[in-house]
Structures are given as C-alpha cells and as structure tokens.
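Novice: Model the following, please.
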Amino acid sequence: MTHRMTVGFASFGLLVTAIVGCHKPEAAKAEKERPPVPVRTAKAEKRTLTPTFEVIGTVLADPDRSATLTAAVPGLVDQLAVKEGAKVKKGELVVRLDERKTKTDLDRAEAAYARLIAKPRPDELVVARGAVEKAKAAHAVAKSQLDKAKATKTTNPALVTEIQLLESQRAGRIAATDVDDAEAHFRLLELGPRDELRKEAHVEVEATKLQLEYCRVVAPFDGEVVELLARVGMKADLGTPLARILDSTEVLVQARVPGNRLVGITTMVRAGGPGPVALIRSGSFPGEEFSASSGWLNQQTEALTADVPVKLRVPNPKGLLRVGMSVRVELHEPGVVGIAIPEAAMTVNEEGHRVVTVIKDGKAVPAEIEIASDTELEIRAGGWVRVLKGLEAGDEVAVENGYALPKDTPVKVLPPKTPEAGEKH
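Specialist: Just a heads-up that it's a prediction; the model follows:
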C-alpha cells in the first residue's frame with residue numbers, strides 16, 4: 001500500500017513538472033508576442049527657461065492721474081458744469097463758484113490802476129502851469145515889498161518898524177515856497193506816479209484776476225469725473241473737496257513678492273528687458289492680458305512677513321482695470337539654463353518620487369529624477385521643467401502613454417502630433 005502511494009505521488013510530481021515545463025515556453029512566447037505600447041516621446045534638451053510665479057495684486061490709481069478738486073477761494077457753488085461719469089479734457093470747467101464779488105473787486109482794482117497810469121489831461125497841465133505863474137507873480141510882489149521896506153528902513157527908520165520888516169521877510173519866504181510847490185506839482189503831473197505805486201496797483205489787478213480764475217474749478221488732466229461732491233448753492237470754504245477726477249488709461253498694480261523670489265524680481269525690475277516685467281490677468285476679463293511696462297520694489301519688508309511690496313505700471317487703454325480690483329500678477333524672473341523635459345513626461349510614483357519613462361532600444365525604462373534641492377528651486381516655464389538629476393541631454397522620454405510602464409516593456413514610438421487648426425505651433 002505504501003509503495004503504491006509513493007508511486008502515485010511520484011507520478012503526480014512528474015505530471016506537475018511536465019505541466020510547468022510546458023507553460024514556460026508558452027509564457028516566454030506570449031511575452032515575445034505581446035504588442036508594443038504606442039508612446040509619443042520628446043528628448044531632454046539643454047534650454048533656457050524663464051521662470052514665472054503668480055501672486056495676487058490690487059489695482060491702484062496713479063497719483064499723477066488722480067485728483068481731488070478743491071475750492072481755492074471761499075464762495076457759493078454757482079454751477080456744476082459736468083455730470084458724474086463724464087469725460088473731461090484738461091482745462092475743461094467742472095465746477096464754478098459765484099464770481100460776482102470777485103468781478104466787482106477786479107473792476108475796482110483795474111480802475112485804480114488805470115487812474116495811476118493815466119497821463120494828465122491838458123486842462124490839468126494848464127491849471128498847474130497857471131498855478132506856477134501865479135505863485136511866481138506873488139513871489140515877485142512879496143520880494144518887491146520886502147526890498148521897498150528895507151530901503152525905507154534905511155532912509156527913514158521911523159516909517160518901517162522892525163515888526164513890519166520881519167513880516168515882509170516872512171511873506172517873501174512863503175511866496176518862494178509857494179513857487180516851489182507849484183513847480184513840483186507841475187513836474188509830478190508830467191512824470192506821473194512812482195514806479196512802485198504802478199507796480200503795486202498792477203499786482204493788485206493780477207491778484208484779483210487770479211481770484212476770479214480760482215472761481216473756475218477745471219480739470220487738471222484728461223480723465224473721468226468719478227464723483228461730484230459739490231451741490232449748487234453749497235457754501236465752499238478754502239480747501240473744500242468739490243469733485244474727483246481719474247485717468248485710468250494707465251494704472252498701478254501693487255503686489256507682494258515672497259522673500260525667496262526676491263533676487264530674481266530685483267534683477268528684472270531694475271534691469272528691465274525686451275519683454276514685459278509682468279503680466280496682469282483678471283477673472284472679470286478672461287483671455288485679456290495686461291503687460292506691465294515697468295515696476296519698482298519697496299525698500300522695506302512688511303511688518304509681519306518677509307514679503308516685499310512691488311508696484312507695477314500697467315497701461316490700461318481700454319479702461320478695463322478698475323481701481324480696487326483684485327488681479328493675478330505673473331512675475332517674470334531671469335532665464336535659467338539647464339536640462340529640461342516637457343512637464344507631461346513627469347509623474348509621481350507611490351513613494352512620492354518624480355519619475356519618467358526613458359525609451360531605450362525600443363523598451364521602457366523607468367527612471368527617478370530630481371527637479372529641486374535644498375539649494376535649487378523648482379523651475380518651470382512654458383510647459384517645460386528643469387531636471388537637476390536623473391537625465392542627460394538627448395535622453396528620450398515618453399510624454400504620452402508612458403505612465404507606470406514596467407521595465408523593458410516594448411514600446412512603439414509614434415510620430416509627433418500634427419497641430420490642429422487654430423492651435424499654436
């Protein structure tokens with residue numbers, strides 16, 4: 001009995017061995033006959049990547065293109081020349097204050113100035129010249145009387161007392177003074193007022209004209225009246241806000257740059273380049289991009305973070321960007337040269353490592369790569385990613401259908417896709 005069982009087990013072992021032996025060639029044959037996996041590939045190549053990163057920014061008004069119009073003189077608001085939302089040109093009237101009192105003051109000042117600079121009338125000159133002649137005649141009479149008193153005093157002292165002689169002398173001095181006064185008045189009529197008086201009167205006229213001009217509150221630049229603060233009949237004191245004007249054809253966008261991206265942004269903002277410093281996008285206008293023409297970094301970080309504020313000057317000819325709007329800011333850093341592959345070639349395995357499928361001799365070879373380190377940041381740009389370790393220039397990697405292929409899986413490299421109509425090459 002035991003012998004028979006031993007023989008039976010031996011026969012079963014031979015049978016199993018025979019079956020396994022039969023399957024090995026079949027498995028090898030099946031492996032050999034398995035169709036290759038179709039993949040598309042790209043080559044790792046040395047190229048310059050211009051990295052970008054995105055932050056959130058806020059649209060601000062350019063201080064040179066935003067103004068609050070205030071009253072330069074006190075007065076009552078007489079007219080609102082435009083409506084809110086109206087487009088105005090530089091120098092166009094926005095608000096007018098009551099001009100009546102200022103116009104009266106101007107008339108008075110101009111009259112005073114005209115009186116000062118007016119030439120004397122002929123009749124005035126005749127009167128003044130007559131006064132000179134009359135004074136001279138009176139002086140001659142007084143001098144004659146004095147001479148006669150002196151002669152009489154010499155020949156007959158009893159006829160002319162000392163008091164009478166002194167009186168005649170005083171009358172002569174008064175007559176001479178009257179001649180000087182009359183002649184001086186005549187000369188003043190011919191010369192006119194002093195230059196200082198003319199200048200003072202002229203300044204008074206110009207100052208009053210300026211006050212009249214201040215009654216007209218005009219736009220300091222081309223823009224839009226975003227708010228009217230004045231009302232007709234309202235009393236405006238000096239400095240009272242009357243209207244706000246904004247020109248949004250160019251705006252500022254303020255954002256915050258993280259400290260670890262500061263070096264690249266410092267270079268770009270200071271050095272500039274042929275392209276834009278940054279691109280601005282808004283969810284309100286899909287497909288629209290706004291290029292920042294220039295920018296500058298603040299000289300101090302924020303109090304609670306290492307972020308540094310950056311301001312960008314952004315042309316806005318269509319007026320789509322509004323002050324206060326939140327936008328996405330794509331900042332550009334200097335180009336980095338290195339080995340790069342398309343981002344589509346890279347995946348993450350179960351261990352969290354970055355892997356690619358390298359194609360060698362028609363077979364798939366999984367390979368781990370490194371795209372960042374303790375000293376090197378991850379660099380991506382234009383659909384490409386820089387590879388620090390794991391690949392060399394010229395290596396062929398799968399960009400389609402290469403995910404998780406076992407090692408030595410046969411592959412068939414497909415030709416590159418032909419761009420469809422309307423698709424960018």
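Novice: average model confidence for stretch 86-105?
Specialist: For stretch 86-105, mean pLDDT rounds to 96.
Novice: make that stretch 279-288, sorry
Specialist: Mean per-residue pLDDT for stretch 279-288: 92.
Novice: What residues sit buried inside that stretch?
Specialist: Under the neighbour-count criterion of 16 or more other C-beta atoms under 10 Å, stretch 279-288 has Leu279, Ile280, Arg281, Ser282 buried. Any C-beta I mention is one placed from the backbone N, CA and C, and that applies to glycine too.
Novice: what's the span of that stretch from first residue to last?
Specialist: 10 Å (C-alpha to C-alpha, to the nearest Å).
Novice: Pull the distance from that stretch to the chain's centre.
Specialist: Computed by C-alpha atoms, centre = their mean, to the nearest Å, the separation of stretch 279-288 from the middle of its chain amounts to 20 Å.
Novice: do stretch 82-99 as well
Specialist: Centroid separation for stretch 82-99 versus its chain: 24 Å, with C-alpha atoms, centre = their mean.
Novice: Could you export that stretch as PDB, CA atoms only?
Specialist: As requested, C-alpha coordinates have been extracted for stretch 82-99 and formatted as PDB (Å, rounded to 0.1, in the frame of the first residue of the first chain):
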ATOM      1  CA  VAL A  82     -20.500 118.400 -15.900                       C
ATOM      2  CA  LYS A  83     -22.200 115.200 -14.600                       C
ATOM      3  CA  GLU A  84     -20.700 112.300 -12.800                       C
ATOM      4  CA  GLY A  85     -19.100 109.800 -15.200                       C
ATOM      5  CA  ALA A  86     -18.400 112.500 -17.900                       C
ATOM      6  CA  LYS A  87     -15.200 112.500 -19.800                       C
ATOM      7  CA  VAL A  88     -13.400 115.800 -19.500                       C
ATOM      8  CA  LYS A  89     -10.300 117.400 -21.200                       C
ATOM      9  CA  LYS A  90      -7.600 119.200 -19.400                       C
ATOM     10  CA  GLY A  91      -8.700 122.800 -18.600                       C
ATOM     11  CA  GLU A  92     -12.400 122.000 -19.000                       C
ATOM     12  CA  LEU A  93     -14.800 123.600 -16.500                       C
ATOM     13  CA  VAL A  94     -16.100 121.200 -13.800                       C
ATOM     14  CA  VAL A  95     -17.400 123.400 -11.000                       C
ATOM     15  CA  ARG A  96     -17.900 127.200 -10.900                       C
ATOM     16  CA  LEU A  97     -18.200 129.300  -7.800                       C
ATOM     17  CA  ASP A  98     -20.100 132.600  -7.600                       C
ATOM     18  CA  GLU A  99     -18.000 135.200  -9.500                       C
END
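Novice: How about residues contacting that stretch?
Specialist: Residues external to stretch 82-99 that are found in contact with it (C-beta atoms under 8 Å, 6 or more residues apart in numbering): 69, 71, 73, 75-81, 212, 214-228, 230, 236, 242-243, 245.
Novice: tell me the mean pLDDT over the helix or strand encompassing Val55?
Specialist: In the assignment (DSSP states H and E), Val55 maps to strand 52-60. pLDDT averaged over strand 52-60 equals 92, rounded to a whole number.
Novice: Of the contacts of stretch 82-99, grab the buried ones for ChimeraX.
Specialist: Here is the ChimeraX command that selects the buried residues among those (16+ other C-beta under 10 Å):
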select :69,71,73,75,77,80,81,212,214,215,216,217,218,219,220,223,224,225,226,228,230,236,242,243,245
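Novice: Next up, the contacts around Glu190.
Specialist: Applying C-beta under 8 Å, 6+ apart, the residues near Glu190 are Pro120, Leu125.
Novice: quick one: low-confidence parts of the stretch 301-425 of the chain?
Specialist: 419-425 (pLDDT under 70).
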